[in-house]
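In: The amino acid sequence is not available; the structure is as follows:
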Ligand SMILES: NC(=O)c1ccc[n+]([C@@H]2O[C@H](COP(=O)([O-])OP(=O)(O)OC[C@H]3O[C@@H](n4cnc5c(N)ncnc54)[C@H](OP(=O)(O)O)[C@@H]3O)[C@@H](O)[C@H]2O)c1
Ligand SMILES: NC(=O)c1ccc[n+]([C@@H]2O[C@H](COP(=O)([O-])OP(=O)(O)OC[C@H]3O[C@@H](n4cnc5c(N)ncnc54)[C@H](OP(=O)(O)O)[C@@H]3O)[C@@H](O)[C@H]2O)c1
């Protein structure tokens, strides 16, 4: 295919990426937007395969088939609850690919020809360095994020004295090596891989000390990075499709990061440089849980019978217990008894934004019953019974009261202001942020210790019999 | 200045244009947006003056000074009511400049060098033809729009049999000449100017048959064209600032056109190809005005005294009479008597969108009293007295009832549904669309024949005395 | 890649007269052969992206601002002034200069008048804050 | 303009080895001298415009779609696949090919997995219509 034709196909792909991304921002067009994006990718790949410089089509097809099969299997087999870490993993791979492409460029013939010619081409080398640096941070950072979300044992919230200093040193070293890549073409490869090492370490250290609750923000940010890395690769290869698609993702990731920070009422700075560790140790569980009262499914059923409005606040535990279908049955039964049922959806309940919406939609629960945090909080005085189903951090009043708490400032669902609060969880163990929750020993709160699904099924049965 | 530096300044200018245009879309940032735009232009011009190919800086400065002075004088001296035609005029000049630049390129040395080299460069020539074609249509079309808005005598709504056919022939001829420009570089100049002639004629004929009420839409569309012409010029000169700024304007003009069409409930197609002339002749004035009752300022004052809510619907006549300050005084007096005063602002009242807002803001009338059409219509049953001040088409019920009327389908302010309607205008002569208005002979309507300002002053005096 | 070299060496044969044009031709072909997009397609890409930016930016604008936006963007479209300066400023003979200078006058009226009139319109809104 | 010619003729002197690179250099300089923007700056322009498009598009997105958007745009960032194919497909020696092929595997996992997982997430919303 003639280069001009290929470029026209690239332009077409770029347009489709833009339209696809735009589609992804509206519920009604999201599926189509995603399909358009993949169509664009297909066009781009096919056009590239027809490029005159691409010789070994067979080998490439095999490599792509391997990658695709692994990708599809992971994407289809993974449980819903594990999706965030899967996105983190894929994201890291994208960053890794950028590093490798930049490395391959430095190892390739075009580059050695250029070096031999003795011309300066610092611009391309700068882009190469940028591609490697950003890509390596994306790769290692994403893998750490993956590990944290997967709750791998060997990855802990590590922080040690002098960590910030070390980060700074690593950052400066990476930039320094990058500078050497750009200015010493003869040794560019050496400097490049040294730079990759330091920036990989930097990525690890940056993310490892970030509190788990902030992971979604970190992933969005790393996503933005992987876009920028792709864009830098585009400058290396002089390919405007890479530049466009990469910067699209870079920009949208950055905006998304800001939107998510706003939703958690935290500054990006605070997320990245951990006010999460700030302050003295929060209250210990023993201090907090002095006044815990537990209850049974039958008792809860009796309370529900006489309620007018019931609020269900689902959290990560509902996802773990896969309780959404049982919740649908309970909802229908309560509605049959003329009891109004609402759902209070916190923006970061669960492990990814929109997690609860996805699960409740899966169980066919009427979308109109799902209320956003603000709306629910403004009508909390009309709630007779609030059922906290596997949620913890998102209803923790410490966010309002304790400025030293890791979740300080995060807006929460004020379930503690309902008349009666039923908390369904298996134990008194903490949620994602790892802190005790005073709501559990509040005067109007009763604990129902059980698996989320079982508890709801039991309540449902009690209601039917009662 | 080195070419690279110039290009960086161009990029900076492009960024500022984008930010400026974005600013123009929000009331709070609009002034700053406009200033950013002019700053960008300044940067672009200064950078260009420093280009190595620019030799006669002195002459250029003089030419720019001449243009600027004329532009500033026109911009500052023109009355508010004449602004739309001024915009049309400026727009035409921009289109004209595109034609001239393309012509100058064909007459220049770079071009003759290229022709002599015998290489094909159909791409640049296509852009040259596009720049000339679009520019010429913009120029002539805008000048006709100017003439119509200025109500120049010699420009009428001309339409004759076979007009559409002639338009088609002219369009095909223009495209044909454009094709010759691109394919016969040796005679490109000849074909270019022939093309300019046919497309100038096309521009005139296209716009001259469009109803005056649709002029704002036409100007927005021509504005979009002038952007596209500038963009095409950018392809000719290989200048990406022209391309960016031009296509920004081209796209935003097109969107604005659509938004305005939506506001008038007309399709762009209908605007351009005149369903405006459609249908049999509408009712004549004699048929409509059988039952006109007139009133006096004193009588109006008495009705106002006993009203609870008064609605003022201003139109083009308020602008002509410069009655806005008198209206402010009346408003204050009525408010002093505990009578509520609201303003019903039709989106196309006056001669430009936002015309009424500008005038009322000038007179310091509280912005909260200005209601949009939909809001006013939904509360029309609470209006005791509606004062139609120099408005006509925007309250003409024919838009609702007569599908053959030139304003059919345009949403109007349903002032006829108020308890009493006072119409202040100088005579029974029609408004912009040139049709009679049945509201004037409605049972609940009274005419106050007077100049808009005088009438309001008189009512005010009567109120004070009464 | 060999093609590229051949192209480069061909310039030797060209006369001075049309060498300039040929070199430019050669130039874009050279970049293109080396894997990058041709100049024209890059310009096209810039065009398409700018159109997207324009569309996205204007999507929601209140009616009140239609006229100022129209006149402000009209002033921006006077960017042809840059082209006019290049056309008038070069050493291109009388006819081209006449065209170029007229273009400069026209375009600067459009630009300066457009920004001033927009500013004047917007000033009317300022009382509103 | 003379500079440009000189540059063109200089290529005669270069050896075959480094002629390719030099011709490309020459190429971009030639375009630049003839009044157009340099290739690098055009790429930069494309970058800036695409950033604006990205920012404008994402500005208002409901929380529910944060995760699908994240994963969908993550798949798009796998566009590095194109670069990986170019790096792996050329005749560049063993080391470069190893790097290239690993990049192809990584990037296609990112791309294909990303789109599929996004589609799976979005399918959850479909009942809502
Ligand atoms: N949505 C996002 O974007 C996102 C992403 C990453 C992190 N986060 C963070 O995750 C947290 C989300 O808050 P959250 O309130 O939804 O969850 P949470 O604070 O993590 O609490 C979940 C609770 O569910 C309980 N649980 C676990 N399995 C259960 C089961 N099978 N049956 C019943 N209960 C079970 C756990 O208690 P037991 O073990 O005692 O049962 C745990 O306390 C926030 O800190 C947020 O910042 C959010
Ligand atoms: N806003 C825009 O964007 C725009 C732009 C161009 C065209 N248009 C079109 O213009 C029309 C606007 O409707 P409109 O109702 O505002 O105006 P209109 O229909 O043009 O009517 C204006 C009325 O004002 C009266 N008038 C003129 N001078 C007056 C004075 N000194 N004192 C009192 N009355 C005076 C005239 O009647 P007398 O001569 O009897 O006094 C005339 O009937 C629509 O058709 C619209 O489509 C709008």
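Out: Looks like it came in fine. All figures in this text were calculated on a predicted structure; none of them were measured in a lab. Numbering: from 1, shown residues only, chains lettered A, B, ... in the order given. Ligands and ions are numbered 1, 2, ... in the order given.
In: Neighbours of the nearest residue to residue A:241 once chain neighbours are set aside, how many?
Out: Spatial nearest neighbour of residue A:241, excluding adjacent residues (CB to CB, 6 or more residues apart in numbering or on different chains): residue A:10 at 3.9 Å. Glycine gets a C-beta too; all of them are placed from N, C-alpha and C. Each residue near residue A:10 was counted by other CB atoms under 10 Å in any protein chain shown, and the total is 25.
In: next helix or strand past whichever strand or helix holds residue A:10?
Out: For residue A:10, the host element (DSSP states H and E) is helix A:3-23. Proceeding N to C from helix A:3-23, the next assigned helix or strand is helix A:30-49, under DSSP H and E.
In: does that next one come close to chain D?
Out: Yes - for helix A:30-49, a contact with chain D is found by CB under 8 Å from any CB of the partner chain, at A:30-31, A:33-35, A:37-38, A:40-41, A:44-45, A:48-49.
In: could you point out which element follows that helix?
Out: That would be, after helix A:30-49 and using DSSP H and E, helix A:57-77.
In: quick one: the residue nearest to residue A:241 and residue A:243 touch, right?
Out: No - Residue A:10 is beyond contact range of residue A:243, at 10.2 Å (criterion: CB atoms under 8 Å).
In: tell me the domain boundaries of chain A?
Out: Split into domains by automatic domain parsing, chain A comes to A:78-272, A:285-465.
In: Distance across the longest one, terminal residue to terminal residue?
Out: The reference is to domain A:78-272. With CA to CA, to the nearest Å as the measure, domain A:78-272 spans 28 Å from end to end.
In: Could you check the angle the longest helix anywhere in chain C makes with helix D:39-58?
Out: In terms of residue count, the longest helix belonging to chain C (DSSP state H) is helix C:39-58. Relative orientation of helix C:39-58 versus helix D:39-58 (axes from the mean of the first three to the mean of the last three CA atoms, to 10 degrees): 30 degrees.
In: my guess is residue A:447 is in a strand, correct?
Out: Yes - assessed with DSSP: H, G, I helix; E, B strand; the rest coil, residue A:447 lies in a strand.
In: Let me know how buried it is, in neighbour terms.
Out: The number of residues packed near residue A:447 is 21, by other CB under 10 Å.
In: Beta-bridge partners for it, please?
Out: Bridge pairing for residue A:447 (DSSP bridges) gives the partners residue A:294, residue A:423.
In: Contacts only, for it.
Out: Contacts for residue A:447 were tallied using CB atoms under 8 Å, 6 or more residues apart in numbering or on different chains; they are A:292-295, A:423, A:425, A:428, A:440.
In: same deal with residue A:315?
Out: For residue A:315, the contact set (CB under 8 Å, 6+ apart) comprises A:346, A:349-350, A:356, A:388-395, A:431.
In: among those residues, which are in strands?
Out: Using DSSP state E, the subset of those located in strands is A:388-389.
In: and residue A:184, what does it touch?
Out: residue A:191.
In: List phi and psi for it.
Out: The phi/psi pair for residue A:184 (degrees, to the nearest 10) reads phi -120, psi 70.
In: element containing the nearest residue to residue A:194 once chain neighbours are set aside, please.
Out: Excluding its sequence neighbours, the residue lying closest to residue A:194 (CB to CB, 6+ apart) is residue A:177, at 5.0 Å. Assigning secondary structure by DSSP H and E places residue A:177 in helix A:163-183.
In: outside of that helix, which residues touch it?
Out: A:122, A:125-126, A:128-130, A:132-133, A:187-188, A:191-192, A:194-195, A:198-199, A:201-202, A:205-206, A:209, A:273.
In: Which among those count as buried?
Out: A:125-126, A:128-130, A:132-133, A:188, A:191-192, A:194-195, A:198-199, A:201-202, A:205-206, A:209 (16 or more other CB atoms under 10 Å in any protein chain shown).
In: Next step: those residues restricted to strands.
Out: Taking DSSP E, every one of those sits outside strands.
In: Count the neighbours of residue A:429 for me.
Out: By other CB under 10 Å, neighbour count at residue A:429 equals 10.
In: so when I look at it, I'm seeing a strand, right?
Out: No - remark: residue A:429 does not belong to a strand; assigned using three-state DSSP, it is coil.
In: Which positions in the stretch 201-350 of chain A make contact with chain D?
Out: Checking the stretch 201-350 of chain A against chain D by CB under 8 Å from any CB, the hits are A:216, A:219-220, A:223, A:226-227, A:229-231, A:233-256, A:259-260, A:263, A:347.
In: thinking again about what came up before, which of the residues of helix A:30-49 next to chain D sits closest to ligand 2?
Out: residue A:33 (35.5 Å; CB to the nearest ligand atom).
In: And the nearest residue to the closest one once chain neighbours are set aside, how far from residue D:110?
Out: Spatial nearest neighbour of residue A:33, excluding adjacent residues (CB to CB, 6+ apart): residue A:23 at 2.1 Å. As judged by CB to CB, to the nearest Å, residue A:23 and residue D:110 stand 20 Å apart.
In: So the two - more neighbours on which side?
Out: More neighbours surround residue D:110 than the other of residue A:23 and residue D:110, with 31 against 20 (other CB under 10 Å).
In: The more buried one contacts residue D:78, correct?
Out: Yes - taking contacts as CB under 8 Å, residue D:110 lies within contact range of residue D:78: 3.7 Å.
In: which residues touch the residue lying closest to residue A:362 once chain neighbours are set aside?
Out: Residue nearest to residue A:362 in three dimensions, not counting chain neighbours: residue D:124, with 5.2 Å by CB to CB, 6+ apart. Contacts for residue D:124 (CB under 8 Å, 6+ apart) come out as A:80, A:358-359, A:361-362.
In: Look up phi and psi at residue 79.
Out: Since no chain was named, I'll use chain A. According to degrees, to the nearest 10, residue A:79 has phi -80, psi 160.
In: you looked at the wrong chain, it should be chain C
Out: phi -60, psi -20.
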